[in-house]
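J.: Here is a sequence together with a model predicted from it:
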Amino acid sequence: MLERIPDFINFGPAGAADAGNVVEQAQAVPTGGGGFGGILFFLVIIILMWVMLFLPQRRQEKKHKEMVASLKKGDKIVTSSGIIGKIISITNDRIRILTGEKTEIDITKNAIAGILSKTSAEESETEAKESKTTEEEK
């Protein structure tokens, strides 16, 4: 009974594996170089995964950094959570935005999803003059 267990594990009927092995061993021809093809296949798969997954992510991160670097006072932005506001001030890692008439929020630079409208140089100059006149009136 115990002699039949290895034959059953080899997915063949009991006793048939012994007769088949004798014929197969006589006709077997050794082949060489099979290991390098498998390694090459996995190497190609890994390279494809890297190109498909990591390169687009790096491009997107680079684009976001360039967008954040180009921000200036007066730009209208939208955050990743959907808050729309106008930039009041920019520090090293935080930005203060005006979301309503008197509502100011501090956000991180990573929270910015996009720029809705940029201010031109003329608009920023007129805003600076208006803010000076309102400060003088107070």
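T.: On my side now, so go ahead.

J.: Packing partners of the longest helix along the chain?
T.: The single longest helix within the chain, with elements called by DSSP state H, is helix 34-69. Counting contacts by 3 or more Cβ pairs under 8 Å, 6 or more residues apart in numbering; DSSP states H and E, helix 34-69 packs against strand 112-117. (C-beta placed from N, C-alpha, C; glycine too.)

J.: circling back: relative orientation of the longest helix of the chain and strand 112-117 in degrees?
T.: Computed by axes from the mean of the first three to the mean of the last three Cα atoms, to 10 degrees, the angle separating helix 34-69 from strand 112-117 equals 50 degrees.

J.: Identify each buried residue in helix 34-69, please.
T.: residue 68 (16 or more other Cβ atoms under 10 Å).

J.: average pLDDT across that helix?
T.: Average pLDDT, helix 34-69: 89.

J.: Following the chain onward from it, which element is next?
T.: Beyond helix 34-69 in the direction of the C-terminus, DSSP states H and E gives the next helix or strand as strand 76-79.

J.: In its sheet, which strands sit next to that next one, and in what direction?
T.: As defined by DSSP bridges, the strand partners of strand 76-79 come to strand 84-90 (antiparallel), strand 112-117 (antiparallel).

J.: Go through the longest one and flag the buried ones.
T.: Same thing as strand 84-90. 85-87, 90.

J.: mind putting these in TSV, pLDDT included?
T.: Shown next, in TSV, are the buried residues of strand 84-90 (pLDDT from 0 to 100):
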residue	pLDDT
85	94
86	94
87	95
90	93
